[in-house]
Structures are given as C-alpha cells and as structure tokens.
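K.L.:
coords please:
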Amino acid sequence: MDIKQGFLGIILHAHLPYVRHPEYDSFFEEIWLFEAITECYLPLINVFDRLSKDNVDYRLTLSLSPTLILMLRDELLQKRYLNYIDSRIELAEKEIVRTKSQKEYQSLARLYRRLFIRVKKTYQHYNCDLLQAFKKHYVLGQLELITTAATHGFLPLLNVSEMAVRNQIKSGIDTFEFNLGFAPSGFWLPECGYYSGLEKMLAETGISYFFIDTHGALDAEVKPKNNVYAPLDCGNGVMAFARDPESSHQVWSAQEGYPGDENYQEYYSDIGFELDLETIAPYILDGKTRINTGIKYHRVTGGNQFKEVYDPSKAKSKAKKDAEDFIIKRLEQINKLDQWMDRPPIIVSPYDAELFGHWWAEGPHWLEHVLRLASESQCEVKLTSCREYLTQQKDHQISMPSTSTWGEEGYSSYWVNEKNDWVYPFLHKIAEQMEQLAIDFSGINVLPIQKRALNQAFRSVLLAQASDWPFILKSGTTTEYANKKIKDYLARFNYLHESIRSNKIDERYLLALETMDNVFPEIDFRDYNPITS
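P.N.:
Numbering: from 1, shown residues only. Below is the predicted model:
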C-alpha cells in the first residue's frame with residue numbers, strides 16, 4: 001500500500017435483533033429483515049460486485065452481527081424472504097396498471113419492479129446465502145469483515161456478571177468463525193459501549209482492535225496527542241479507534257446530513273399508507289394494519305410542503321455530487337491534520353449499514369461513488385481498513401479510553417432510563433443463575449436431555465440480553481413487541497432453570513423452545529462456568 005497523506009476507514013455495522021417465528025405463518029417483525037435484505041444488503045452486494053467487475057481497489061469494513069448472520073443463514077427465513085420479494089414484484093406490477101394514466105408514477109412503478117427483480121436475481125445468484133457474497137469480497141481483499149457481541153448485548157450494563165460479558169463476546173466470535181470460516185480481527189462494541197477491562201477480554205479472544213465514540217478517546221486516561229485520528233493502544237496491544245465527528249455529522253445529521261436533501265426519496269411516503277385499504281390490503285399486515293411496502297413515489301421536498309414526485313435521475317446525480325463533496329471535505333481535513341500529526345491520520349467513519357438503502361435510498365449510490373473516487377490513483381485520501389492501517393503504522397500511543405457510548409448524551413442513558421431500567425435486575429439474576437448451573441453441572445456426567453436444556457437456558461440468557469429491546473422501549477416504537485420478547489426469554493429461562501433443578505424436563509416443550517430459539521447451535525453451557533473458562 002502506498003502511503004498517502006491520510007487514510008479513510010469507512011465501517012458499516014449491520015445488525016438486526018433475532019426475530020424468527022416458525023409458530024406463525026407470517027410475522028410482522030420478520031419484515032425488518034426482509035426490508036434490510038431488499039433495500040440495504042443486496043444493493044450493497046451489487047455495489048461490491050460492480051466495483052469488483054471494474055477492478056476498483058476499494059477498502060470497506062462491514063460488521064456482521066451474529067444474530068444477523070444466523071437469520072441470513074436460516075432456511076425458513078430464506079424461504080419467507082422469497083415469498084416477500086415475490087409479493088413486492090406482484091405489487092409493483094399492479095401499480096404499473098393502476099398508474100397508467102399517471103406517467104410519472106407509472107415510471108416509478110416500473111423502476112420498483114426492476115429493482116425488486118434485480119435483488120431477487122442477486123439473491124438467487126448467491127443461492128439465498130448473502131454470507132457467501134460477503135465472503136467472496138473478503139477473499140478478494142476489498143471487504144474487511146468483523147463482528148460484534150452475540151445478541152448485541154450492551155456490555156457496560158451487563159458487567160455485573162463478568163461471565164455475561166465474556167459469553168456475549170465469545171459466542172459472537174464463535175458464531176462468526178463457524179459461519180464465515182475465519183476469525184475476525186476487529187470487534188464492534190454494541191452501541192460503542194466501552195468500559196475499562198473490555199480490552200482484556202477482547203485480547204483473550206484474539207481481537208486486535210475495536211471502535212469507540214469520539215469522547216471515549218478525547219477523555220482518555222492520557223490525552224491523545226493525535227486527537228481521534230490515530231488509534232490508542234489500551235496497554236495490551238488491543239487498539240481503540242475513535243469515530244470522527246466531522247464525517248459522521250455530514251452523513252448522520254438530521255438537519256445538515258446528506259440524506260435530508262430535497263431531491264432524495266422520502267422514506268415516510270409509502271403506498272402502504274397512501275392507497276385505499278382495499279387496494280393495498282393483500283400487501284399489508286393482516287389485510288388491515290398499514291406497513292411500508294417499499295414503493296415510494298415522493299421526494300423529501302423540504303419542510304412541510306406538499307411532497308413532489310420523486311425523480312430518480314436527479315437523486316442519483318445529487319448522490320454523486322454529495323460523494324464528491326464528502327471526498328473533498330476529507331481531503332481538506334487530512335491536509336489540516338497533516339500539519340501537526342506525527343503520522344498519517346486515519347479518519348474513522350462508522351455508520352449503521354441499514355442507513356444505506358433502507359433509510360436513505362440513495363445511500364448505496366453515494367457509497368459507490370465515494371469508494372470509486374477514493375480509489376483513484378491521484379486521490380490523496382487512501383481507503384483502508386483498521387487492520388490494514390495497523391500493519392502500516394506502529395508504536396501507537398498507550399492510553400486507556402474513558403467509559404463511553406455513542407447515542408444520546410454518550411454515557412449509556414439511552415439503554416438505561418425510566419422506560420427500561422426494570423429489565424436489568426432480571427438480566428443480572430438469570431446470568432447469576434446460569435453461572436451457578438454451569439458450575440453445578442460442569443463436573444458431573446450430564447444426560448443428553450439435561451445438556452440440551454442447559455444449552456437452551458444459555459440461549460435464553462443471551463437472547464434476553466439484546467440491547468435492541470431496551471432501545472425500543474426508550475424510543476417508543478414497537479414497545480409491546482419489545483416487552484413481550486424480554487418477558488418471553490425471561491420466562492423461558494425460568495422454566496428451564498426450574499426444570500433442570502427439579503430434574504423434570506419436558507422433552508416436548510424443550511423441543512418447542514429449541515425450534516423457536518434455534519440460535520447458536522454450537523453453544524456449550526460449560527462456557528458459563530468461571531472456573532473452567
């Protein structure tokens with residue numbers, strides 16, 4: 001790699017909570033996955049494929065959460081996704097007929113049909129296995145793949161139990177390695193939640209770097225001499241890379257970020273909410289509860305004005321201009337940093353992957369242009385991964401990052417507050433009980449059905465610990481579902497705990513739980529035993 005004035009590391013974090021309901025013919029929350037596949041993951045794969053075909057030597061890091069990995073590999077969900085995309089193709093075809101007297105709308109309906117057909121073709125090209133596609137680009141050397149905690153558990157608030165944190169980390173890495181065939185070098189801390197000591201657990205699992213929010217570095221034990229533009233060595237060789245606020249603001253800001261431009265597609269304008277119920281009924285929930293369909297006819301426009309019709313060509317043109325602006329701003333930033341830093345800076349730009357395509361329809365187009373521009377030989381900002389940067393730059397400053405998260409106020413407040421604080425005493429209790437089960441049953445001859453029940457209890461603990469449910473309780477979106485998920489996992493653990501302790505395990509009910517919560521097939525309850533771990 002030729003050393004330029006500076007480096008740009010773009011990190012996309014792809015995560016969804018584990019939602020799978022074989023007990024129902026269809027389930028609304030499974031659509032979260034189907035929308036992400038259609039609007040984000042497959043469009044990104046198409047971007048990677050085009051870049052590879054054109055021999056563009058780009059670098060991008062993608063963090064795949066273990067729950068997402070398992071859902072992408074699940075045969076039931078793969079089959080249901082094909083039904084979902086077929087229904088969207090059918091809806092687009094009906095829209096072409098319905099809008100025959102509205103040429104602008106019909107043109108968009110035809111566009112959506114092409115998009116849906118294209119993503120289905122890509123999905124089937126990779127045998128319905130998106131991990132195969134991601135690994136292909138990893139092997140080519142352009143896409144760095146990393147992972148996160150097992151169920152995206154918020155580690156700072158699980159730290160009452162060291163084993164809870166250890167097993168969120170270990171189970172996550174084990175799942176990644178089992179499904180991708182190699183161990184990740186980097187780790188995405190859920191919600192960028194860091195506290196002193198995490199770096200030791202990461203080192204034990206072979207992780208060489210992780211990510212923190214800006215203030216985690218700026219408030220470090222020893223003031224960073226390179227601000228957030230070089231990693232900090234946590235004292236054990238594990239590196240903490242901090243988020244660059246400037247590049248994040250350009251993309252994330254609700255007021256000033258690129259996605260809010262008036263030419264871009266309006267996410268909240270969807271025919272699932274705009275057409276009469278009789279027309280849209282076959283494509284919404286239970287024929288009566290309105291949901292997004294993915295077909296959107298309007299652009300952001302701006303303010304409270306009447307929403308103008310979406311123009312894809314103008315939106316794509318704007319995405320290209322915004323990509324050029326992004327690179328120009330990074331070059332300006334690097335030129336300033338180059339004047340006082342003791343090494344080439346790395347601008348770390350992490351984003352939720354689902355922003356690209358789902359929340360911001362033009363996001364994949366923008367990203368493709370950014371990657372193409374930064375890969376040009378004359379460009380003074382060089383794309384890199386954090387792993388690659390660490391092979392080039394040595395002798396990093398030793399300093400312990402401060403306790404921190406990203407999100408509102410930056411110190412865990414979004415994940416523990418008056419709306420969700422009731423959750424944590426229960427999570428701490430089941431972690432304690434799981435640890436005691438592991439201690440008590442590790443040194444004895446365990447019957448097969450006991451081992452199954454113990455492993456399933458372990459799964460229930462991990463699933464209950466997901467950060468998504470407290471997040472939803474705070475945000476106020478699908479709170480009824482989040483409440484139910486937490487209480488269901490707690491109830492399942494309590495049932496299994498009592499059954500194991502009383503030696504009265506109902507195999508039929510155990511099988512039902514194994515069928516519904518079939519995560520982490522390689523899990524071993526003995527990992528919760530602090531004596532042997």
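
K.L.:
tell me, which helix in this structure spans the most residues?
P.N.:
Longest helix in the chain by number of residues, with DSSP state H as the criterion: helix 312-337.

K.L.:
what's the first-to-last distance across stretch 401-416?
P.N.:
From its first residue to its last, stretch 401-416 covers 21 Å (C-alpha to C-alpha, to the nearest Å).

K.L.:
Stretch 22-32 now?
P.N.:
Chord length of stretch 22-32, first to last residue, is 16 Å (C-alpha to C-alpha).

K.L.:
which parts of it are buried?
P.N.:
28, 30-32 (16 or more other C-beta atoms under 10 Å). The C-beta positions use only the backbone N, C-alpha and C, and glycine is treated the same way.

K.L.:
before we move on, the earlier item: remind me what the longest helix of the chain packs against, helices and strands.
P.N.:
strand 6-14, helix 245-252, strand 346-352, helix 363-375, strand 381-383 (3 or more C-beta pairs under 8 Å, 6 or more residues apart in numbering; DSSP states H and E).

K.L.:
Of all those, which one is nearest residue 74?
P.N.:
Closest to residue 74 of those is strand 6-14 (C-beta to C-beta; 15.7 Å).

K.L.:
Kindly tell me how buried residue 175 is, as a neighbour count.
P.N.:
Each residue near residue 175 was counted by other C-beta atoms under 10 Å, and the total is 24.

K.L.:
Excluding covalently adjacent residues, which one is nearest to it?
P.N.:
Excluding the flanking residues, the one nearest residue 175 by C-beta to C-beta, 6 or more residues apart in numbering is residue 66, at 3.9 Å.

K.L.:
In contact with that neighbour, which residues?
P.N.:
Neighbouring residues of residue 66 by C-beta atoms under 8 Å, 6 or more residues apart in numbering: 147-151, 171-172, 175-176, 520.

K.L.:
Just the closest of those residues to residue 280, please.
P.N.:
residue 151 (34.2 Å).

K.L.:
Residue 192 touches residue 243, doesn't it?
P.N.:
Yes. Counting by C-beta atoms under 8 Å, residue 192 touches residue 243, with 7.3 Å between them.

K.L.:
Find residues that contact each of these two.
P.N.:
Counting by C-beta under 8 Å, 6+ apart, the common neighbours of residue 192 and residue 243 are 211-213, 406.

K.L.:
Just send those back as a markdown table, with secondary structure, distance to residue 309 and neighbour count too.
P.N.:
Below are these laid out as a markdown table (DSSP: H, G, I helix; E, B strand; the rest coil; distance: C-beta to C-beta, whole Å; neighbours: other C-beta atoms under 10 Å):
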| residue | secondary structure | distance to residue 309 | neighbour count |
| --- | --- | --- | --- |
| 211 | strand | 40 | 28 |
| 212 | strand | 43 | 28 |
| 213 | coil | 39 | 26 |
| 406 | coil | 36 | 19 |
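
K.L.:
Any figure for the gap between residue 155 and residue 195?
P.N.:
Look at residue 155 and residue 195: by C-beta to C-beta, to the nearest Å, they are 7 Å apart.

K.L.:
Those two: which has the busier surroundings?
P.N.:
residue 155 (26 against 19).

K.L.:
Please determine how far residue 293 is located from residue 96.
P.N.:
The value you get for residue 293 to residue 96, if C-beta to C-beta is used, is 14 Å.

K.L.:
Between the two, point out the one with more neighbours.
P.N.:
residue 293 (23 against 17).

K.L.:
Now that one: which helix or strand?
P.N.:
Residue 293 belongs to no helix or strand when assigned by DSSP states H and E.

K.L.:
In contact with it, which residues?
P.N.:
Applying C-beta under 8 Å, 6+ apart, we find residue 293 in contact with 88, 91, 270-272, 280, 283-284.

K.L.:
again, only using 10 Å
P.N.:
31, 35, 87-88, 91-92, 95, 112, 270-275, 280, 283-284 (C-beta atoms under 10 Å, 6 or more residues apart in numbering).

K.L.:
The spatially closest residue to residue 78 that is not a sequence neighbour - how many residues pack around it?
P.N.:
The spatial neighbour of residue 78 that comes closest, neighbours along the chain excluded (C-beta to C-beta, 6+ apart), is residue 128 at 4.4 Å. Counted with other C-beta under 10 Å, residues neighbouring residue 128 total 17.

K.L.:
Name the helix or strand for residue 128, please.
P.N.:
Of the helices and strands defined by DSSP H and E, none includes residue 128.

K.L.:
what does residue 513 give?
P.N.:
helix 507-516.

K.L.:
Do me a favour and average the pLDDT over stretch 463-481.
P.N.:
The average of the pLDDT scores along stretch 463-481 is 96.

K.L.:
Same question for stretch 211-230.
P.N.:
97.

K.L.:
The chain - how does it break down into domains?
P.N.:
Domain assignment for the chain by automatic domain parsing gives 8-248+347-355+377-410, 423-528.

K.L.:
Any chance of JSON lines for those, columns distance to residue 319?
P.N.:
Formatted as JSON lines, the domains of the chain follow (distance: least, C-beta to C-beta, whole Å):
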{"stretch": "domain 8-248+347-355+377-410", "distance to residue 319": "12"}
{"stretch": "domain 423-528", "distance to residue 319": "28"}
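
K.L.:
Where does the prediction get shaky in the stretch 201-350 of the chain?
P.N.:
254 (pLDDT under 70).

K.L.:
Could you grab the helix/strand/coil label for residue 62?
P.N.:
When classified by DSSP: H, G, I helix; E, B strand; the rest coil, residue 62 comes out as strand.

K.L.:
Would you mind confirming that residue 33 is in contact with residue 65?
P.N.:
No. Counting by C-beta atoms under 10 Å, residue 33 does not reach residue 65; the two are 11.8 Å apart.

K.L.:
So those two - more neighbours on which side?
P.N.:
More neighbours surround residue 65 than the other of residue 33 and residue 65, with 27 against 24 (other C-beta under 10 Å).

K.L.:
who touches the more buried one in this structure?
P.N.:
The contact partners of residue 65, by C-beta under 10 Å, 6+ apart, come to 13-18, 71, 147-152, 172, 175-176, 188, 190, 353, 466.

K.L.:
List the ones among the residues you listed that fall in strands.
P.N.:
13-14, 147-148, 188 (DSSP state E).

K.L.:
before we move on, the earlier item: which of the residues in the helix holding residue 513 are buried?
P.N.:
Here helix 507-516 shows 510, 513 as buried, counting by 16+ other C-beta under 10 Å.

K.L.:
Same check on stretch 344-359?
P.N.:
For stretch 344-359, by 16+ other C-beta under 10 Å, it's 344-351, 353-358.

K.L.:
now these in TSV, with distance to residue 219?
P.N.:
Output for the buried residues of stretch 344-359, formatted as TSV (distance: C-beta to C-beta, whole Å):
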residue	distance to residue 219
344	24
345	20
346	20
347	20
348	17
349	21
350	18
351	23
353	28
354	29
355	27
356	30
357	34
358	33
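
K.L.:
so which of the residues you listed would you say is closest to residue 51?
P.N.:
Distance to residue 51, by C-beta to C-beta, is smallest for residue 356 among these, at 14.3 Å.

K.L.:
Roughly how far does that closest one sit from residue 505?
P.N.:
Separation of residue 356 from residue 505 (C-beta to C-beta): 46 Å.

K.L.:
likewise residue 493?
P.N.:
Separation of residue 493 from residue 505 (C-beta to C-beta): 14 Å.

K.L.:
which residues are in contact with both of these two?
P.N.:
Residues touching both residue 493 and residue 505 by C-beta under 10 Å, 6+ apart: residue 456.

K.L.:
which of these two has more neighbours?
P.N.:
residue 493 (25 against 19).

K.L.:
show me the contacts for that one.
P.N.:
Each residue near residue 493 by C-beta under 10 Å, 6+ apart is listed here: 426, 429-431, 433-434, 456-461, 463-464, 513.

K.L.:
Now, of those, which are buried?
P.N.:
By 16+ other C-beta under 10 Å, these give 426, 430-431, 433-434, 456-461, 463-464, 513 as buried.

K.L.:
Mind checking which of those residues are in helices?
P.N.:
Counting by DSSP H, the part of those found in helices is 426, 430-431, 433-434, 456-461, 463-464, 513.
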